[in-house]
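Trainee: below: sequence and its predicted model.
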Amino acid sequence: MILCTLSFIVLIIGVLASIILVKKSTVKKYLYIPIIISVIGAIGIFLSCVVSVPTGHTGVVVTFGKVENYTFEAGVHVKLPYSDVINMDNRTQKVQLTTQAFSSDIQQVDITLSVNYNIDQKTAQVLYKTVGTNYYENVMLPRIQENIKAIFSKYTAESLIEKYRALCSQHPRVKA
């Protein structure tokens, strides 16, 4: 939106300078300067209307703070010059998390886990509208921690160790 505004100002300055120079018959040899300024302003306005959404992202269109009813898929799109496009990543993302929980017999358990997640392309617009771009910190992380603590509190420390050893023997990639 800033590019559009600046380009519009440059275009107006170029047009006004052209009009003033045309009226003064003695300085017509410098008429090319405001014309070049006007062309630069027009190119800037055109560029502010083109947006590219990268592969694996959804472009959420926002006009004056209002989320529009449509989104852009990956590729080049034409938009209104005063609209912004927020890219929401739809690819699978991996987060490693280290936290602590307590077992049912009040033993502290240190947990390191990985979470893979992605945003559904159809709901990216609603997610941006209701949560914003910090959806992981605001929604996912508190829910992950809450669920981990709820699950680990159901087991004793001894049963957790037994389940972990059984998991390690079944899956050689799990580190003991």
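Mentor: Right, received. Where do you want to start? Numbers count the residues shown, from 1 in each chain.
Trainee: can you give me the strands in the chain?
Mentor: For the chain, the strands defined by DSSP state E cover 50-53, 57-63, 66-72, 75-78, 83-89, 93-102, 108-117.
Trainee: for those strands, which one sits closest to residue 163?
Mentor: strand 108-117 (11.7 Å; Cβ to Cβ). Bear in mind the C-beta positions are built from the backbone N, C-alpha and C, glycine included.
Trainee: quick check: buried residues in the closest one?
Mentor: residue 109 (16 or more other Cβ atoms under 10 Å).
Trainee: packing partners of that strand?
Mentor: strand 93-102, helix 141-152 (3 or more Cβ pairs under 8 Å, 6 or more residues apart in numbering; DSSP states H and E).
Trainee: buried ones in stretch 32-39, by neighbour count?
Mentor: For stretch 32-39, the neighbour count (16+ other Cβ under 10 Å) marks 34, 37-38 as buried.
Trainee: state the distance from residue 67 to residue 119.
Mentor: To residue 119, residue 67 is 15 Å away according to Cβ to Cβ, to the nearest Å.
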